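Peer 1: what's the 3D shape of this:
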Amino acid sequence: MSAAANGNIPLAKALIEAGANVNARDNDGGTALMYAAGHAHPRMVRLLLDNGANARVVATGGWTALQASLMSGDPQSIESDEPLIRAGALQGEHYLLWAVGDSGTSAGHMNVLMRHGVDPNERAIDGSTALIDSAYEGDTPAVIALIEHGAKINILYNEGRTALGRAVDQGNDDVVQYLLRHGADSTMKIKGQSLLQIAAAKRDWDYQNGAIYAYPHYDTIIAILKKPQ
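Peer 2: Coordinates of the predicted model:
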């Protein structure tokens, strides 16, 4: 496991040649392939797969090697997705949602997943989508990737929120601007409040509470929303 986690190719080759079981599992059900994927070692991932590693194994906590790759946060991890998917790692749902959260890698992972047929509109248990969550995170590259692959912009989630509503709520002005240019509905209301009212309230709260780096983003959003759509 340690050779895989550290990306030590010579040691891994020596162990494999000596008869090591590439699908051995630790106390948590983890495998060398999961460690290699989670630590962003794509060469190790390919070596293990070429020597019989099972990409479908699920660890005790429900993790798979592909999910470990998606959550890695290291840009090199994107190179592991393709070989893992070719080895049958795509099983179940919510892979796009696993990729949300790291603006440096999310779009890259998502592009690979959607090229292999993952539905850009798949929903989490709470009804959210990768687009809604990426808008909340302010991850513009991920938002662009999802929309380019057919993500529906105006899908409703929790209390009538959409991707645009989440972006406004978090002050993600770049995402707001992109969504509006691509057909987001700016007339929606959340608990009876318009998006303009929400942005103004957020701006005022941040100003009053000294969040000097946040409220200018709401000023930008207010200006965007006031323009004719």
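Peer 1: can you show me the strands along this structure?
Peer 2: 189-190, 193-194 (DSSP state E).
Peer 1: let me have the ones you listed in CSV, extended by distance to Asn23, mean pLDDT and mean neighbour count.
Peer 2: Using the backbone N, CA and C atoms, a C-beta is placed for each residue, glycine as well. Shown next, in CSV, are these (distance: least, CB to CB, whole Å; pLDDT from 0 to 100; neighbours: other CB atoms under 10 Å):
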stretch, distance to Asn23, mean pLDDT, mean neighbour count
strand 189-190, 49, 87, 15
strand 193-194, 54, 93, 14
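Peer 1: skip the chain neighbours and tell me the closest residue to Asn121.
Peer 2: Counting by CB to CB, 6 or more residues apart in numbering, Asn121 lies nearest to Lys152, which is 5.3 Å off, once chain neighbours are set aside.
Peer 1: right, and the one you found touches Glu122 too?
Peer 2: No: using CB atoms under 8 Å, Lys152 makes no contact with Glu122, being 11.2 Å away.
Peer 1: what's the overlap in contacts for those two?
Peer 2: Listed as contacting both Lys152 and Glu122 by CB atoms under 8 Å, 6 or more residues apart in numbering are Thr129.
Peer 1: distance to Ala40 for the strands of the chain - can I get that in TSV?
Peer 2: Formatted as TSV, the strands of the chain follow (distance: least, CB to CB, whole Å):
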stretch	distance to Ala40
strand 189-190	38
strand 193-194	42
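Peer 1: for the ones you listed, which one sits closest to Ala107?
Peer 2: Of all the strands of the chain, strand 189-190 sits nearest to Ala107, with 26.9 Å by CB to CB.
Peer 1: please identify the pairing partners of the closest one and their relative orientation?
Peer 2: Its sheet considered, strand 189-190 pairs with strand 193-194 (antiparallel) by DSSP bridges.
Peer 1: for the strand it pairs with, what is the distance to the chain centroid?
Peer 2: Centroid separation for strand 193-194 versus its chain: 28 Å, with CA atoms, centre = their mean, to the nearest Å.
Peer 1: run through who's touching that strand.
Peer 2: By CB under 8 Å, 6+ apart, strand 193-194 touches 187, 201.
Peer 1: just stretch 208-228 next, same as before
Peer 2: Here stretch 208-228 has contacts from 168, 171-173, 176-177, 180, 186, 195-196, 199-200, 202-207, using CB under 8 Å, 6+ apart.
Peer 1: report the mean confidence score over that stretch.
Peer 2: Taken as a whole, stretch 208-228 carries a mean pLDDT of 79.
Peer 1: ends of it, what's the gap?
Peer 2: Stretch 208-228 has an end-to-end distance of 29 Å (criterion: CA to CA, to the nearest Å).
Peer 1: any idea how far Gln91 is from Pro120?
Peer 2: 18 Å (CB to CB, to the nearest Å).
Peer 1: more neighbours: which of these two?
Peer 2: Set Gln91 next to Pro120 and count neighbours by other CB atoms under 10 Å: Pro120 wins out with 19 against 11.
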